[in-house]
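# I would like the atomic coordinates for the input below:
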Amino acid sequence: MNAQELVGLVLKTSIFLTVFGFGLQATRDDVGYLLRKPGLLVRSLVAVFLVMPLFAIFMTRAFDYDRAVTIALVALAISPVPPLLPRRVTKAGGREPYGIGLMVTATVLSIVFIPLALDVIGRIVDKPFAMAAGAVAKLVGVSALLPLAAGMAFHAVSPDTANRIAKPVARVATVLLALGALALLIAVFPVAWGLIGNGTILVFVVFVVVGLAVGHLLGGPDPDERVTLALSTACRHPALAMAIAAANFPNEKRVAGAVILYLILNALVSLPYISWQRRIMKSSTTPAVV
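Here you go, the predicted structure:
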């Protein structure tokens with residue numbers, strides 16, 4: 001096993017453990033959260049599956065970016081809801097059951113959505129794009145559905161043990177994720193740095209801002225759900241995006257650098273929004289002084 005394969009294994013293990021940790025404390029009500037709120041479900045799907053792909057297509061048609069950036073932007077736009085999203089939602093003050101429910105719903109729908117979206121985009125740009133539904137199902141199943149189901153099954157069999165090990169599992173997952181992400185960043189940073197220029201930073205920043213704004217507006221009056229949908233719309237699945245790029249552009253090796261650049265900018269751009277929403281939530285829960 002070479003260094004690249006080892007880093008990939010560490011990242012996959014960390015993601016598996018993170019989602020397994022969600023499952024240790026999740027319930028069937030969490031998974032079905034969106035099904036009980038049809039209005040929120042429709043708005044969520046419009047934000048995640050419709051608005052962002054259309055915006056990405058518009059940006060790539062209207063402006064001339066580096067080829068790797070264009071591929072990464074479109075691939076990210078049709079790769080919804082990363083498996084680590086519920087943890088980020090919780091830290092931002094959002095609603096974890098909504099985050100889990102949206103992750104599951106988007107994961108299942110992406111098996112059909114991604115191949116169809118690639119076909120439509122291919123017709124728009126007159127280039128053959130494709131990714132088999134089976135390949136999508138395997139990737140999202142292993143990274144999201146399988147570990148979540150395993151965690152929930154463990155909780156059903158032994159709830160006390162599940163609650164006891166949830167935090168240690170989360171700590172191990174966090175350490176592995178930090179180590180893997182750092183190694184990956186060091187490996188691809190020169191490529192990412194080389195892509196800076198010609199509007200690359202701006203397009204990724206605008207992409208994130210539009211995602212936050214659309215999710216915030218469509219999230220409804222509940223501030224917890226608003227934050228959750230904002231982050232869900234702005235955050236995309238990096239592993240899926242890189243798999244889509246590899247399937248359609250195997251010779252374009254710089255897409256990973258562009259995706260890493262997006263992840264860095266996503267984290268930086270989202271911070272002010274998260275801070276703003278936390279202040280709003282804190283002020284709304286602070287009792288008035290008489």
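# nearest spatial neighbour of the most centrally placed residue in the chain, skipping sequence neighbours?
Most central in the chain under CA atoms, centre = their mean is P82, positioned 2.7 Å from the mean C-alpha point. Once flanking residues are discounted, P82 sits nearest to H237: 4.5 Å by CB to CB, 6 or more residues apart in numbering. All C-beta atoms are positioned from the backbone trio N, CA, C, and that covers glycine.
# hang on, the one you found packs against A75?
No - in this structure, H237 is not within contact of A75 by CB atoms under 8 Å, at 9.5 Å.
# Just give me the neighbour total for A245.
Close neighbours of A245, defined as other CB atoms under 10 Å, add up to 25.
# oh sorry, the question was meant for F154
17.
# Now do the contacts for it.
Taking CB atoms under 8 Å, 6 or more residues apart in numbering, we find F154 in contact with F20, G23, L24, T161, A162.
# quick one: which helix or strand includes it?
Per DSSP states H and E: F154 is located in helix 146-157.
# List phi and psi for R236.
Backbone geometry at R236, expressed as degrees, to the nearest 10, gives phi -120, psi 170.
# any idea which element the closest residue to it other than its chain neighbours lies in?
Closest residue to R236 apart from its sequence neighbours, by CB to CB, 6+ apart: L76 at 4.2 Å. According to DSSP H and E, L76 maps onto helix 67-77.
# Give the next helix or strand downstream of that helix.
Next helix or strand after helix 67-77 toward the C-terminus (DSSP H and E): helix 85-91.
# Pull the distance from that following helix to the chain's centre.
11 Å (CA atoms, centre = their mean, to the nearest Å).
# what sits up against it?
With CB under 8 Å, 6+ apart as the test, helix 85-91 has contacts from 18, 22, 95-96, 98-100, 102-103, 170, 227-228, 231-232, 235, 274.
# hey, C-alpha coordinates of it in CSV?
Taking Å, rounded to 0.1, in the frame of the first residue of the first chain, the C-alpha atoms of helix 85-91 are listed here in CSV:
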residue,chain,number,x,y,z
LEU,A,85,-22.8,17.3,7.2
PRO,A,86,-24.8,16.4,10.3
ARG,A,87,-21.8,17.0,12.5
ARG,A,88,-21.2,20.4,11.0
VAL,A,89,-24.9,21.3,11.3
THR,A,90,-24.8,20.4,15.0
LYS,A,91,-21.7,22.6,15.6
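# which parts of that helix are buried?
By neighbour count on 16 or more other CB atoms under 10 Å, the buried set for helix 85-91 is L85, P86, R87, R88, V89.
# tell me the mean pLDDT for it?
Summarised as a single mean, pLDDT over helix 85-91 is 75.
# returning to that earlier point: give me the phi and psi for the residue nearest to the centre of the chain.
Note on P82: backbone dihedrals following degrees, to the nearest 10 are phi -70, psi 150.
# for the longest helix belonging to the chain, packing partners?
Selection of the longest helix in the chain by residue count, based on DSSP state H, yields helix 159-194. Helices and strands touching helix 159-194, by 3 or more CB pairs under 8 Å, 6 or more residues apart in numbering; DSSP states H and E, are helix 3-25, helix 146-157, helix 255-285.
# any idea of the mean pLDDT in that helix?
Rounded mean pLDDT across helix 159-194 is 89.
# Now do it against helix 146-157, angle only.
160 degrees (axes from the mean of the first three to the mean of the last three CA atoms, to 10 degrees).
# in helix 159-194, what's buried?
Neighbour-count burial for helix 159-194 flags 162, 165-166, 169-170, 172-173, 176-177, 180-181, 183-184, 188, 191-192 (criterion: 16+ other CB under 10 Å).
# What's the separation between P83 and D160?
26 Å (CB to CB, to the nearest Å).
# And F189, by the same measure?
Taking CB to CB as the measure, F189 falls 44 Å from D160.
# Around the residue nearest to R236, how many other residues sit close by?
30.
# and what of the one 5 residues further on?
Residues within reach of V81, counting by other CB under 10 Å, total 28.
# Also T27?
T27, neighbours per other CB under 10 Å, totals 14.
# need the contact list for it.
T27 makes contacts with P97, M152, as judged by CB under 8 Å, 6+ apart.
# sorry, back to before: out of the buried residues of helix 85-91, the closest to A133 would be?
Comparing these against A133 with CB to CB places L85 closest, at 22.1 Å.
# From H237, how far out is F49?
Distance, F49 to H237, by CB to CB: 13 Å.
# With D30 instead?
Taken as CB to CB, the span from D30 to H237 is 20 Å.
# next one: V51
Distance, V51 to H237, using CB to CB: 16 Å.
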